[in-house]
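**Student:** Give me coordinates for this.
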Amino acid sequence: NGDYFTSSYTSLFTGSSHGIYPTIADNWSVGNYPTSSLGLHFDWKIAKGLTFKNSFCNGQASTSWNKVFRFNPKHDGIINVSELSYKQDEKTNTLIGEYHVGFLYVDEENDNKTNSYSVFGLIEQPFYKGSFNIGMLLQGGYSPKKDNDTYGYYGIGIVGGNIIKEDDEIGIIINRALYKGDEKETDVEITYNLPLLKHLSIQPAIHFINTNDKNNTIGLLRFNFEF
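**Tutor:** From the prediction side, this is the model:
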């Protein structure tokens, strides 16, 4: 998650789609917390702000100690993730531009998903920097519908900083996931991160979720401690 799917804007939100796209997490056994798999990760700083990443992993993640350190492509298959990203310099506590495009290849013989793939992308674009900051977030993912339960995902949102108090953050985002059988889910999240002390903040969030025309409302309260 930290290597590919979390970023400056997305880390504000509490929905799981901002940890890893559902077009990946719902379809394959990737090394997504709390599971893990043995792999080789590569980072190449091509130029200032421009980075290429690649991870080559065992095709089945697990929580069992006798499986997390094994590499057995014949039995478990393989998963490979590649990403090209650009991130502006982070000199001050303001929103910055960040842009990602990635590709996942998977070969899971036991799951009948040989030679499947997924593509994903993220744009974080600041609009205004001054006494307060405003930026827009766009992200999306696609996996072939014929092979996967979750074939489409997109999210669009607005993030602001220093709105009411210095170093605060506020955001609203709409996430939509598309499933086989014309099923779908839409999640609208509104959240506000309020600094209380130098290293402590409190963050309420509310989700309005519509799943196949059934509505639910969920409230969360998150405490953040950083040092």
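
**Student:** would you put the C-alpha positions of stretch 30-38 in PDB?
**Tutor:** These are the backbone C-alpha positions of stretch 30-38, laid out as PDB (Å, rounded to 0.1, in the frame of the first residue of the first chain):
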ATOM      1  CA  VAL A  30      -1.800  -9.400  -3.300                       C
ATOM      2  CA  GLY A  31       0.300  -8.600  -0.300                       C
ATOM      3  CA  ASN A  32      -2.300  -6.400   1.200                       C
ATOM      4  CA  TYR A  33      -2.400  -5.900   5.000                       C
ATOM      5  CA  PRO A  34      -2.700  -8.100   7.000                       C
ATOM      6  CA  THR A  35      -1.400 -10.700   4.400                       C
ATOM      7  CA  SER A  36       2.000 -10.600   2.900                       C
ATOM      8  CA  SER A  37       4.100 -12.400   0.300                       C
ATOM      9  CA  LEU A  38       7.700 -12.700  -0.600                       C
END
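
**Student:** so the residue of the chain most remote from its centre, which of the three states?
**Tutor:** In the chain, K74 marks the outermost C-alpha relative to the chain mean, sitting 29.2 Å out by Cα atoms, centre = their mean. Under DSSP: H, G, I helix; E, B strand; the rest coil, the three-state class of K74 is helix.

**Student:** now the strands for the protein?
**Tutor:** Secondary structure of the chain (DSSP state E): strands at 39-47, 50-58, 78-87, 98-107, 116-129, 133-142, 150-161, 169-179, 183-195, 200-211, 214-225.

**Student:** ok, how many other residues are close to Y86?
**Tutor:** 15 (other Cβ atoms under 10 Å). (C-beta placed from N, C-alpha, C; glycine too.)

**Student:** which residues touch it?
**Tutor:** For Y86, the contact set (Cβ atoms under 8 Å, 6 or more residues apart in numbering) comprises 49-51, 97-99.

**Student:** quick one on the thing from earlier: of the strands of the chain, which is nearest S29?
**Tutor:** Relative to S29, the nearest member of the strands of the chain by Cβ to Cβ is strand 78-87, separated by 8.1 Å.

**Student:** Now do that closest one against strand 98-107, angle only.
**Tutor:** 170 degrees (axes from the mean of the first three to the mean of the last three Cα atoms, to 10 degrees).

**Student:** Would you convert the strands of the chain into TSV that also reports distance to S16 and mean pLDDT?
**Tutor:** Below are the strands of the chain laid out as TSV (distance: least, Cβ to Cβ, whole Å; pLDDT from 0 to 100):
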stretch	distance to S16	mean pLDDT
strand 39-47	21	94
strand 50-58	20	94
strand 78-87	18	94
strand 98-107	17	94
strand 116-129	15	93
strand 133-142	13	95
strand 150-161	11	96
strand 169-179	9	96
strand 183-195	9	96
strand 200-211	11	96
strand 214-225	12	94
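
**Student:** May I see the ones you listed organised as CSV, with distance to T10 added?
**Tutor:** What follows is the strands of the chain, written out as CSV (distance: least, Cβ to Cβ, whole Å):
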stretch, distance to T10
strand 39-47, 19
strand 50-58, 16
strand 78-87, 13
strand 98-107, 9
strand 116-129, 7
strand 133-142, 7
strand 150-161, 8
strand 169-179, 9
strand 183-195, 11
strand 200-211, 14
strand 214-225, 15
